[in-house]
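Asker: coords below, sequence missing:
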Ligand SMILES: [Zn+2]
């Protein structure tokens, strides 16, 4: 839906409604730091793609948005929710990685003067995968939700570290090993020590390995060493004990790796190996059947050659 018609004719619907019919709720998790918690679900018409956790940090000069959601509809709802708590400009739109549930809302933030920020690999990944994502999510999301999605690449790139100044508070951005994807960054608000981990941390929602199991194991080791007070996962609730949550994620990876290595040692082919790998962990994670085989397939291919 064009933004103008939304603003003029359908304001009550577009601005007033969240993915499930209520306005988006931004929860204050620290001074000037807010989070929206997405549904633990696959992206579809009913949830408007609102399955990822989103963040907002507000400084004296303006705010930074951390991920924009799975549709422009959700991105607009996020913008409305920000407007309700701050009249300051949105200075930065940060994407934690390339996945559609984190970037499809970007177009809602065009034309505001905000700078789009992401991993140095993100422009390439968006160009390579963006058209595929738009096509592959069409059956589940429908044309109405996807018609106005634009793949908006970052212009401010993070190669290793980068600091963003929001006025009176700084955000520390870091890149990570290729793991969930090869475009993951984390964002820490230095003032409150809230760390937005993107999809390097999953809670309740089964971890998803889109790039490298070994890289993800390395990232969990590095995550454990972070000096954070609160860690916001990419999916699922903010854990009371984030070290424990990282350890739970790591345990799933360790079991998956051990199962696959045993299968490889016994000469089991990929199809047979991925049927059973990780299955002892099924009761611990939501959406297990939607992702475990895919994780096992990615990891099998990786372990087979290493
Ligand atoms: Zn993701």
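Answerer: All right, it came through fine. Every value quoted in this text rests on a predicted model; they were computed, and no experiment measured them.

Asker: Please count neighbours and contacts with C-alpha atoms only from this point.
Answerer: OK.

Asker: Residue 66 contacts residue 58, doesn't it?
Answerer: No. Counting by C-alpha atoms under 8 Å, residue 66 does not reach residue 58; the two are 11.3 Å apart.

Asker: Tell me which stretches of the stretch 1-150 of the chain form strands.
Answerer: 27-30, 33-36, 54-58, 63-66, 90-94, 115-119 (DSSP state E, counting those that start in this stretch).

Asker: Adding mean pLDDT and distance to residue 272, write those strands out as CSV.
Answerer: Formatted as CSV, the strands of the stretch 1-150 of the chain follow (pLDDT from 0 to 100; distance: least, C-alpha to C-alpha, whole Å):
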stretch, mean pLDDT, distance to residue 272
strand 27-30, 98, 44
strand 33-36, 98, 39
strand 54-58, 98, 37
strand 63-66, 98, 39
strand 90-94, 98, 40
strand 115-119, 98, 36
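
Asker: got TSV for those, with distance to residue 155 and mean neighbour count too?
Answerer: Below are the strands of the stretch 1-150 of the chain laid out as TSV (distance: least, C-alpha to C-alpha, whole Å; neighbours: other C-alpha atoms under 10 Å):
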stretch	distance to residue 155	mean neighbour count
strand 27-30	29	14
strand 33-36	24	20
strand 54-58	19	26
strand 63-66	15	25
strand 90-94	10	25
strand 115-119	6	23
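
Asker: Turn those into a markdown table, including distance to residue 216.
Answerer: Converted to a markdown table, those look like this (distance: least, C-alpha to C-alpha, whole Å):
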| stretch | distance to residue 216 |
| --- | --- |
| strand 27-30 | 27 |
| strand 33-36 | 24 |
| strand 54-58 | 21 |
| strand 63-66 | 21 |
| strand 90-94 | 21 |
| strand 115-119 | 17 |
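
Asker: Ok, which of those strands comes nearest residue 223?
Answerer: For residue 223, the closest of these is strand 115-119, at 17.5 Å, according to C-alpha to C-alpha.

Asker: helices and strands around that closest one, which ones?
Answerer: strand 90-94, strand 156-158 (3 or more C-alpha pairs under 8 Å, 6 or more residues apart in numbering; DSSP states H and E).

Asker: Okay, now the unreliable bits of this structure?
Answerer: Applying pLDDT under 70 to the chain flags the ranges 1-21.

Asker: If we go by neighbour counts, what in stretch 65-85 is buried?
Answerer: By neighbour count with 16 or more other C-alpha atoms under 10 Å, stretch 65-85 contains the buried residues 65-82.

Asker: no, scratch that, I was asking about stretch 277-291
Answerer: For stretch 277-291, by 16+ other C-alpha under 10 Å, it's 277, 278, 279, 281, 285, 286, 287, 288, 291.

Asker: Disregarding flanking residues, what is the spatial nearest neighbour of the fourth one?
Answerer: If the residues on either side of it in the chain are set aside, residue 281 comes closest to residue 252, at 6.7 Å by C-alpha to C-alpha, 6 or more residues apart in numbering.

Asker: before we move on, back to that, give me the subset of the buried residues of stretch 277-291 that lies in helices.
Answerer: 288, 291 (DSSP state H).

Asker: Could you save the buried residues of stretch 277-291 as CSV and add columns showing distance to residue 116?
Answerer: CSV is the format used below for the buried residues of stretch 277-291 (distance: C-alpha to C-alpha, whole Å):
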residue, distance to residue 116
277, 39
278, 37
279, 40
281, 38
285, 33
286, 32
287, 31
288, 33
291, 30
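
Asker: Which two of the buried residues of stretch 277-291 have the greatest separation?
Answerer: Farthest pair in these, by C-alpha to C-alpha: 277 and 286, 16.5 Å.

Asker: For whatever helix or strand the residue nearest to residue 281 lives in, which outside residues touch it?
Answerer: Assigned by DSSP states H and E, residue 252 belongs to helix 242-265. Helix 242-265 is contacted from outside by 201-203, 207, 213, 217, 220, 223-224, 230-231, 239, 269, 273-274, 276-278, 281, 296, 299-300, 303-304, using C-alpha atoms under 8 Å, 6 or more residues apart in numbering.
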